[in-house]
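**Q** got a predicted structure here, sequence first:
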Amino acid sequence: MGKINFLEYLKDNTVLFDGAMGTMLYSKGIFINRCFDEVNLSNPELVKEIHSEYIKAGADAIETNTFSANRYKLAKFGLVDKLYEINKRGAEIAKEVAQDDTWIAGSIGPLGVKIEPIGPTPIDEAKDAFKEQIKALIDGGVDLLIFETFYDVNEILQAISIAKDLTDIPIIAQMTVNEDGNTHYGTPSEVFTKKLEEAGADVIGINCSVGPQPMLEVVKRMLKVTKKPISVQPNAGVPRNVDGRNIYLVSPEYMAEYAKRYVNMGAKIVGGCCGTTPQHIKEMRKAIHSLIPRKRFVEITEVKKEIARLKPVPLEQRSNFAKKLKQGEFVTSVEMVPPKGINSEKEIEKAKRLKEAGVDAINIPDGPRALARMGASYLAKILQDEAGIETILHYTCRDKNLLGIMSDLLGLHSIGIRNLLIITGDPPKMGDYPDATAVFDVDSIGLVNIAKNLNMGIDIGGNFIGSQTEYFIGVGVNPGAVGLDYELERFGWKIKAGAEFAITQPVFDLDTFYNFYKRIENYKIPIIAGVWPLVSYKNAEFLNNEIPGITIPDDIMKRMKNAETKEEALEIGLQEAIKIIKNIREIVHGVQISMPFGRVEIPIRILEEII
């Protein structure tokens, strides 16, 4: 192309983009378990055929078949080494079939990983991933870049930033929204529109997730806050599952009617996303062909750029547990596993006994070792209400998407939970349900960030929630990790993200713990040592070999093995636990004692020796 300046053309004209590439590939026999982007190499003629159908239907611009051609998504198919070739070839294929007046847009989607501060992927690494894809598309000859279907504003901002460094070709930046006009993270369309404008996007738009009608109101909202051209590419409605296939049922005529409405409202680019076909584009072409793009004479509404963050509530006001640690007191907690059934009477009685013994809090794991038990949060609420003792709730990232996490954290606070131990969580394949799937939308570092922001009244989308939470945020750390350097690096990231105390994996080896402690002396958060009293050789053997992160010294294993009676083995385990606590008491801020097999007399016996 190159003869007509794309942005100059947009000033007085409307541009019609193509529809879904994936939908068409699937309809022509490419199964969904294949890498659609790789078809650029294995069957380029098929990709050409689809491009040609869209051009014949009236599309002014076609998108390259490269939406998922980044290092992370290609890695799932073992195709990272083909990244440059797939992207460059995608651009070349489009050029081979494009007319003189057809623009070629290099399509780039989300990376498929969570980036800082929510996820573990460093921003610089994310930028490198975008850079290699952008460079290949530019080398292939695209006329413009289109970043599409992004739901994390922070991620698309990194993509725009690196693109601005690499090229001066036009950049279209498109978010995906829910029916309420906000992103999946809750960022309002007005807010992300201004952010994309400030980042330097030439065109700002929305695509995917919803059908034509919900997007109409979103376009209206976006037009009020920017003078930049607006693009809109809806799905062909919401898919219905028919015999295992997702079928989009919105007719071409319906899509065309809304294309006309978008243009009349002021949008400069229209097109289609999932479920749209050349027939949809053909009808849209007919509908907008004779329309004169609306001249926009609108008063731009000012969008508040920064949400005021509340100052976190002082630690001593969040919980008694937090208050004691803040005041430098030595704290004690006991781990209590939720029951397998619905009856928690035994747990309530044990909690009452522990409270009488001087325990400060009950530590409740969430689905320990990925087993199905009563939800930890339910037991936490029951114990606080019925036994009158504070709890430390393990909150894992497993089996929760980001929206579910937000809902949980708001709900948990409303029922009085204040102390959280945030951990990534074990995969279900470790437990009784190996065929269960796991959702890990975010790891513990990202989750700490989310909790810290909630403590300032800000949700994951950067919105003020009306008040603030008062969580005391804890994290886990393993003194005996095989890769201790990496463990401590992650520990540092957790503290930077907002961790306020830490509980270690069970300590069995004093030398290992002392080495660990020397390396974290500059980490200014309270450390609570985990202690697990051994009750038998069988118990010790299981922990040593089958529980991740636990290593028991050989001399302890030998003594447990040589114990002649159960009572002798238990006494050895108790004395080892007591010895460990007495040796490290002066350097740690508290202990968490496990309760093997639910035997409450074991932690009580230890407490009698140390309190």
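**A** Nice, I can see it. Numbering: from 1, shown residues only.
**Q** could you list the low-pLDDT ranges of the stretch 1-150 of the chain?
**A** Applying pLDDT under 70 to the stretch 1-150 of the chain picks out residues 1-3.
**Q** where along it do the strands fall?
**A** 15-16, 61-63, 103-108, 144-150 (DSSP state E, counting those that start in this stretch).
**Q** kindly report the same for the stretch 501-611 of the chain.
**A** Taking DSSP E, counting those that start in this stretch as the test, the strands found in the stretch 501-611 of the chain are 501-506, 527-531, 590-593.
**Q** could the ones you listed go into JSON lines alongside mean pLDDT, distance to G461 and mean neighbour count?
**A** Any C-beta I mention is one placed from the backbone N, CA and C, and that applies to glycine too. As requested, these are exported to JSON lines (pLDDT from 0 to 100; distance: least, CB to CB, whole Å; neighbours: other CB atoms under 10 Å):
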{"stretch": "strand 501-506", "mean pLDDT": "97", "distance to G461": "28", "mean neighbour count": "22"}
{"stretch": "strand 527-531", "mean pLDDT": "97", "distance to G461": "33", "mean neighbour count": "23"}
{"stretch": "strand 590-593", "mean pLDDT": "97", "distance to G461": "34", "mean neighbour count": "24"}
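**Q** can you redo the ones you listed as a markdown table with distance to I362?
**A** Below are those laid out as a markdown table (distance: least, CB to CB, whole Å):
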| stretch | distance to I362 |
| --- | --- |
| strand 501-506 | 13 |
| strand 527-531 | 14 |
| strand 590-593 | 10 |
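**Q** closest to G272 out of these?
**A** strand 501-506 (50.2 Å; CB to CB).
**Q** gap between that closest one and the chain center?
**A** 24 Å (CA atoms, centre = their mean, to the nearest Å).
**Q** follow-up on the earlier one: would JSON lines of the strands of the stretch 1-150 of the chain with distance to P122 and mean neighbour count be doable?
**A** Below are those laid out as JSON lines (distance: least, CB to CB, whole Å; neighbours: other CB atoms under 10 Å):
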{"stretch": "strand 15-16", "distance to P122": "36", "mean neighbour count": "22"}
{"stretch": "strand 61-63", "distance to P122": "29", "mean neighbour count": "27"}
{"stretch": "strand 103-108", "distance to P122": "19", "mean neighbour count": "27"}
{"stretch": "strand 144-150", "distance to P122": "18", "mean neighbour count": "25"}
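**Q** so which of those strands is nearest K114?
**A** strand 144-150 (12.7 Å).
**Q** what's the angle between the closest one and strand 103-108?
**A** Taking axes from the mean of the first three to the mean of the last three CA atoms, to 10 degrees, strand 144-150 and strand 103-108 form an angle of 40 degrees between their directions.
**Q** give me the sheet partners of strand 144-150 and which way each runs.
**A** Partner strands for strand 144-150, per DSSP bridges, with pairing direction: strand 103-108 (parallel), strand 171-175 (parallel).
**Q** quick one: closest of these to Y395.
**A** With CB to CB as the criterion, Y395 lies closest to strand 171-175 of those, at 28.7 Å.
**Q** what's that closest one in contact with?
**A** Identification of contacts with strand 171-175 by CB atoms under 8 Å, 6 or more residues apart in numbering yields 105, 144-151, 153, 156, 159-160, 163-164, 183, 187, 189, 192, 196, 199-207, 231, 233, 269.
**Q** next: stretch 602-611.
**A** 332, 334, 353-354, 357-359, 531, 533, 535, 570, 574, 577-578, 581-582, 585, 591, 593-596.
**Q** which of these count as buried?
**A** Listed as buried from the contacts of stretch 602-611 are 332, 334, 353-354, 357, 359, 531, 533, 535, 570, 574, 577-578, 581, 591, 593-596; burial here means 16 or more other CB atoms under 10 Å.
**Q** among those, which lie within helices?
**A** Under the assignment DSSP state H, the buried ones among the contacts of stretch 602-611 contribute 353-354, 570, 574, 577-578, 581 to helices.
**Q** relative to G474, how far out is L420?
**A** Counting by CB to CB, to the nearest Å, the gap from L420 to G474 is 6 Å.
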